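> A predicted structure for the sequence below; I have some questions about it.
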Amino acid sequence: MKQSFLKAFNISKLIPRTGKPASIPGTVKYVGKKREAPIKLHILDYNETDFTEKDLGTIAESLPFKESPTVTWLNISGVHDEKKIHEIGEIFKIHPLVLEDIANTTHRPKVEEYDNYLFIIIKMVYFNKEPDEAVVEQLSLLIGKDYVISLQEKEGDILEGLRERIRNSKGRIRKLGSDYLMYGIIDAVVDHYFSVLEHIGEKIEGLEVQLIQSANQELLTKIYSLKQELVFIRRSIWPMREVISTLQRSEYNLINKDIYVFLRDIYDHIVQIVETIETFREMTSSMLDLYLSTVSNKMNEVMKVLTIFAAIFIPLTFIAGVYGMNFEEMPELKWKLAYPFWWIITIFLAIGMLIYFKRKKWM
Amino acid sequence: MKQSFLKAFNISKLIPRTGKPASIPGTVKYVGKKREAPIKLHILDYNETDFTEKDLGTIAESLPFKESPTVTWLNISGVHDEKKIHEIGEIFKIHPLVLEDIANTTHRPKVEEYDNYLFIIIKMVYFNKEPDEAVVEQLSLLIGKDYVISLQEKEGDILEGLRERIRNSKGRIRKLGSDYLMYGIIDAVVDHYFSVLEHIGEKIEGLEVQLIQSANQELLTKIYSLKQELVFIRRSIWPMREVISTLQRSEYNLINKDIYVFLRDIYDHIVQIVETIETFREMTSSMLDLYLSTVSNKMNEVMKVLTIFAAIFIPLTFIAGVYGMNFEEMPELKWKLAYPFWWIITIFLAIGMLIYFKRKKWM
Amino acid sequence: MKQSFLKAFNISKLIPRTGKPASIPGTVKYVGKKREAPIKLHILDYNETDFTEKDLGTIAESLPFKESPTVTWLNISGVHDEKKIHEIGEIFKIHPLVLEDIANTTHRPKVEEYDNYLFIIIKMVYFNKEPDEAVVEQLSLLIGKDYVISLQEKEGDILEGLRERIRNSKGRIRKLGSDYLMYGIIDAVVDHYFSVLEHIGEKIEGLEVQLIQSANQELLTKIYSLKQELVFIRRSIWPMREVISTLQRSEYNLINKDIYVFLRDIYDHIVQIVETIETFREMTSSMLDLYLSTVSNKMNEVMKVLTIFAAIFIPLTFIAGVYGMNFEEMPELKWKLAYPFWWIITIFLAIGMLIYFKRKKWM
Amino acid sequence: MKQSFLKAFNISKLIPRTGKPASIPGTVKYVGKKREAPIKLHILDYNETDFTEKDLGTIAESLPFKESPTVTWLNISGVHDEKKIHEIGEIFKIHPLVLEDIANTTHRPKVEEYDNYLFIIIKMVYFNKEPDEAVVEQLSLLIGKDYVISLQEKEGDILEGLRERIRNSKGRIRKLGSDYLMYGIIDAVVDHYFSVLEHIGEKIEGLEVQLIQSANQELLTKIYSLKQELVFIRRSIWPMREVISTLQRSEYNLINKDIYVFLRDIYDHIVQIVETIETFREMTSSMLDLYLSTVSNKMNEVMKVLTIFAAIFIPLTFIAGVYGMNFEEMPELKWKLAYPFWWIITIFLAIGMLIYFKRKKWM
Amino acid sequence: MKQSFLKAFNISKLIPRTGKPASIPGTVKYVGKKREAPIKLHILDYNETDFTEKDLGTIAESLPFKESPTVTWLNISGVHDEKKIHEIGEIFKIHPLVLEDIANTTHRPKVEEYDNYLFIIIKMVYFNKEPDEAVVEQLSLLIGKDYVISLQEKEGDILEGLRERIRNSKGRIRKLGSDYLMYGIIDAVVDHYFSVLEHIGEKIEGLEVQLIQSANQELLTKIYSLKQELVFIRRSIWPMREVISTLQRSEYNLINKDIYVFLRDIYDHIVQIVETIETFREMTSSMLDLYLSTVSNKMNEVMKVLTIFAAIFIPLTFIAGVYGMNFEEMPELKWKLAYPFWWIITIFLAIGMLIYFKRKKWM
């Protein structure tokens, strides 16, 4: 039990980090889980009629795609190679502070406008199978005219559905520009939060059933652990409200007004998700209260049993003890009917106590 | 008890959902309880003098009514038929994102303006008979010039009173346009919240009476369950404040200024309802505290009884035990008055203890 | 005890109501306690020099007073007669929604401007003698040019002092218009809140003294009940802040600028009252905590007594039991000094235990 | 203990009062502690070169000082003489509502601008020696061109340091006008709050040390009482933030722009003081939690001792009881080694229990 | 344990202080820990090509550096020498209130603009080795055209990395002005907060592991102490948000617009740090709840053991006592098989109780 609990929640996930303290601002320093997998570059280039998809070997290979008037989506899986990040910076002319933030996977979601691109950090949340814990991954987006660069921590399939739609030319995506692609990516990420909520909902439901059946220490640590998970997830999603509302309010040149109605839709979703997380947090708090009350109730019940036994038998034992004394002069001992009489008194006493406890509703 | 509790609150009600993740934005996908009942279309068409009411077979049949200058109220019971939703979209030229939201019955209340119609989502709340639990249903409204389309999850009678007023030409409703009809619908929904509050108030009152009579585990789970119901209802009503205040503040062309005073009235009601829900939540929290304190009190009382019995009889039993020993040389055993003397000491001791506990206010 | 508690707080006071659901907006429907007393109409008509006071039979009788340039204060005691309310509406040309709100005595305090009158709802709070519980009554004010109509739920004496001042021409009231009369009425109501606070303060003080002397279940329900009363009173007073600040900020034609300094004074009072109520709520919460801690402390003390008795006498009883055994071969039984020796060991053991408990600070 | 607690916190300090309800607005009615001391009038009149200081007999004597172009500081100790307050009103032409507020020493801190003076209410806080409790006194300031009138509840020495500086012409005070004098007074009052904080800090520290050494009921009431004191002090200081920020923001003619930097300094101090009070409140709450946990811990420890004793000796006593029975046929009684054998079993059983409890970490 | 706790948190750290009450505003009075170390003056003077670094004997020696067009960074370690502070005031023409604030090391972080310099107070936070407690040190910055004066409480190495970068001309620092140097200093301080967070995170993790293994009083005081540390650290960092956002928003002449993007970066960091601290606070609260629940659980377990032992053996002891009585007429005593029969009954009773407790899930 102890180990499963300790594995279940890892505080270090919550701690934001920075590169080496006192480093030069703009120093690209990977901060995050240690990763070894090679970085993958994948490009999708499309307009209404044409479509190209391929894996690239170097970032420089993406330049011709970027220059072309078609929409280019360069997806980079892995930000732990600091040299590659620098290369992106040079090729796409990205501000050093942006590069630093891309490499720091503990960064807070945000949106920043630069002269000819927009920089967005959002968080992808999903549940691991084994152990069953929430994982948060950073997704950085660079949106320029006709191109979107997305940088994930590792390969994943949250965006696969979107890619499929581009390949099959489903919906309006092939007809619209890089701003709609940006929307599509954020929408896919936010949509995935709903399945995270469902997973948590099921967990809470399971814990509630257990709680009513038996309140034990293991359940307590599970509720506690779930509460910490919710804190963790909320911290990742909460600032996204701000990101979307900033995108909505600001008059960025790169974002077409037609996209605003879609952003409003995402915003609605995030508000609803955040409210649901808050509700879940309240529910886990209520569960802890319920747990404590249940334990108190049980203790009370145990106490009553103890008291009933003690209160009935301790006096009786005393009376038995009296007639076990060896005084030479104890007239009762010699009476003929003393013994049955003793039993009658004893039984009356016991019944009296039982009636008393019944009246007190202890039984 | 366990089962009634588990039936009493269903967490899945709280979880917002989305269609299949990564689907194309604007995909109409029914999200909600599984329903089989066929969709019903009902039309009311009226002006000050004329009045038509009938059930329609297809949505297309409503077009002539919509075109006419009379006010048309098309009520659709059931949004689980995705084809029908698409049909509405085509006939009334509704934005695909709106259609998606109509079909998603877990959506948050909101109001959105489109070029020639207004889209409103609100929630109808009522209590089921068996089991006695809160049900929240989504009501979507599309308000255009001279027409209102209302979409409910299933047939219900919350709006029946309003229809009756239109039929009988009671009040000013027949003289005014679609904006007043919109107000009438929202007003009927909000009015119904008051009866929900009354029902909850009665439940709380019942629980309070029980709490004072006996604090048991079943009561605890009932209070807990009621608390969750309140969280659920508040989440449905709370955003309606925003909806009404947006309607009030914005300068929508479709809403006549004369309606503003009526909207202000609804707004007042919602504020009062939300405040009452908050008060109810505080009261259930207080009840939980009171419950815990009551359990503590009872435990304390049990402890005292136990302690009094133990503290009086354990020493006496010891004294009896002393004279039950079989040492050959125990001079007291041979004294003539040893036995009555022993009783005197014993009784004094017991009385002494009783006085001591009286002084400590344990009795 | 149970009954006094149940009488002490009545949840139905907290539930806002509406008339019959789905009634026509603007339907006058009395909502509140059932009342039988006939409605009383009382008129005060004055200017700097003239003064008339009389009881009226019908509302129509007030019309000539209203027309005259003198200030007219029509006070109506009782709003449970729906016909009378309608009459007022017709004679004074009041909006139907206003009439509806007047008859609904569970309405929230508010201020609304209409074309030629101002509509204000405020709450009068006082403590009943028997049972000692807070009563909140609604006072509706209609302020027009040269007239004020006040509608109370029943006759009361909170405004009597103000009437006396008008009769005796004390202060500046006879020199000023209907706006100053409005101020005078609100001021009298708010002033009365202070005596409500004093009453609650005394109750809290009384409970604190009791709490330290003895923490029992009855006290607990009293604190709980007081907490609910505070919730109830706060709900009535809190929105008055808004009412006054709206009156202050808005540029109503009916309110002279000279009155603003007086309204600011009321505003200050309400802020202070609300803060005091908040403080009282914190104090009752602290008292509940203190109560729980006191119960814990007492339980701990009880436990210690029990443990000391048990821990001292149970081993001794065992030793006595040993020498009560009937084995044929028990050499100690035949020793000459066995019995006194046994006592010495026993007493040493008991003293040892006592020292041990002293060290543990249990005694 | 009970008495010291009851003396330690006096709820009536928290209750704002008003004069006789329904009195004429602007009626001067002293509200506060009963005081008998005669009112003292003290005047300081100065400019860069001249300086006059004397005690006055009547308020009228101060008029020539006020008329002169020098800065005049009239300090009035005692506001319980309603006639004197009226006199001030007449001589200095003060609004009746201001006079009412001066006499009501339970008023909330505030600032109000009148045509040719500024009215400020602030609170002086200090700790009484015996009993050791916080005292809050009201200080009213009337700031006009070239004069400041300060009204305290009774003589005190918080402002003595400021007077000394004026006498000795220390700092820039003699060179500047009545606005700087106002700043000087407020600064002296706010500076004194720091020593109040230090005193409370020491109290908290003392309670923490006691808490770790022994958690008893007396300590509990002390923490509770301290918590109430903090509520009381915060209520007095909190609104001063608003007072200073109103002074800073508003463009009062009477306040020179050069003073703004000094007001900003006071504002910083008040923010810091309020934050510290909040921190203290959190700390006392934590202490109560710690207290409860400590009591729980102790109870647990007591329980363990009880259980160990009971669980070891109750079975042993039973076994001893078995061989104390008087059945005629009990073969064991006649065995030669029965008695030593009995002891061996008994001791084994006891050791077994001890090992069991050691494993459970109860010992 | 007691001592380590008392050393672990020192409330006096939390109390803001002022100089002697009622002192002249602008009086320089050192407030803080007593320090004896001599004050050190260190100067760095640089532009893109030149670089000078030396320790100074007097503040006056820094004047030629300040006059030169190169960027001058004067670092002063120690503010406990009031004369030196005055000297700085005279040489650099600093407002007396600023000097007062520099000497008061308990001041709240803030930024103030003066005519030709900017005054910033921020806090450096680090963890002491022995005892392991948070230390907060004040860093005051005076930023003028081409110069920055930094004043620390004592020598430290948080800024050493920055100095190294200037020496080695790493990054863009040598090319930019005093505003970028200001940014560099604040950035170094804020960067160091991350390592503080990591340290706290490790502490929380350690406490969690201990909590699950054994819940004892020492652990409780450690959690409590950590909670207080978090309150302390939050108070130091929280107002820095305001400082940076004021720097960002205001249009100070001294700050070049190019620096704004860097300030935004710091702002993001602070927001993230504050959020993390809030999360940590929630976690310690959860830990306290978990602690209490664990203690309750353990108590419950102890109770059960006690009750099982008592409930089984007390009745049995009674039965044994019955047959230890010495009545002359007790027929059972003479039965042949009475004794084995007695054992059978006894064992059945015991087994019955065990089954009963198994069913109740107490075993």
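Now that the structure is in, tell me what you want to look at.
> quick one, phi psi at A:Tyr126?
Dihedral pair for A:Tyr126: phi -150, psi 170, per degrees, to the nearest 10.
> got it, and the one 3 residues further on?
Backbone geometry at A:Lys129, expressed as degrees, to the nearest 10, gives phi -70, psi -60.
> chain C contacts on the stretch 201-350 of chain A?
Taking CB under 8 Å from any CB of the partner chain as the contact definition, the stretch 201-350 of chain A meets chain C at A:Gly324. In short, each C-beta sits where N, CA and C put it, glycine included.
> OK, contacts around A:Asp297?
One thing to correct before we go on: residue A:297 is Asn, not Asp. Applying CB atoms under 8 Å, 6 or more residues apart in numbering or on different chains to A:Asn297 gives the contacts B:Asn216, B:Gln217, B:Leu220, B:Val295.
> how far away from the center of its chain is the helix or strand encompassing A:Gly206?
Assessed by DSSP states H and E, A:Gly206 sits inside helix A:178-213. Distance of helix A:178-213 from the chain centroid (CA atoms, centre = their mean, to the nearest Å) equals 9 Å.
> also stretch A:44-55?
Using CA atoms, centre = their mean, the distance between the centre of stretch A:44-55 and that of its chain works out at 36 Å.
> quick one: buried residues of that stretch?
Of all the residues in stretch A:44-55, those buried under the rule 16 or more other CB atoms under 10 Å in any protein chain shown are A:Leu44, A:Asp45, A:Tyr46.
> Serialize these to JSON lines and add fields for distance to A:Ala310 and pLDDT.
Shown next, in JSON lines, are those (distance: CB to CB, whole Å; pLDDT from 0 to 100):
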{"residue": "A:Leu44", "distance to A:Ala310": "78", "pLDDT": "93"}
{"residue": "A:Asp45", "distance to A:Ala310": "84", "pLDDT": "93"}
{"residue": "A:Tyr46", "distance to A:Ala310": "82", "pLDDT": "93"}
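> which of these lies closest to E:Lys203?
A:Leu44 (46.5 Å; CB to CB).
> residue contacts, the closest residue to chain D within the stretch 151-300 of chain A?
Residue of the stretch 151-300 of chain A nearest chain D, by CB to the nearest CB: A:Met299 (10.4 Å). Counting by CB under 8 Å, 6+ apart, A:Met299 touches B:Met299, E:Ser296, E:Met299, E:Asn300, E:Met303.
> repeat for A:Thr246
Neighbouring residues of A:Thr246 by CB under 8 Å, 6+ apart: A:Val111.
> look at it and give its secondary structure.
State at A:Thr246, reduced to three classes by DSSP: H, G, I helix; E, B strand; the rest coil: helix.
> and the helices in chain A?
A:2-8, A:63-67, A:82-92, A:96-103, A:160-167, A:178-213, A:217-249, A:260-322, A:338-359 (DSSP state H).
> save these as TSV, and put in mean pLDDT too.
As requested, those are arranged in TSV below (pLDDT from 0 to 100):
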stretch	mean pLDDT
helix A:2-8	42
helix A:63-67	87
helix A:82-92	88
helix A:96-103	91
helix A:160-167	89
helix A:178-213	90
helix A:217-249	88
helix A:260-322	89
helix A:338-359	92
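> tabulate those helices (TSV), appending distance to B:Tyr183.
Converted to TSV, the helices of chain A look like this (distance: least, CB to CB, whole Å):
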stretch	distance to B:Tyr183
helix A:2-8	52
helix A:63-67	54
helix A:82-92	54
helix A:96-103	49
helix A:160-167	41
helix A:178-213	33
helix A:217-249	29
helix A:260-322	24
helix A:338-359	61
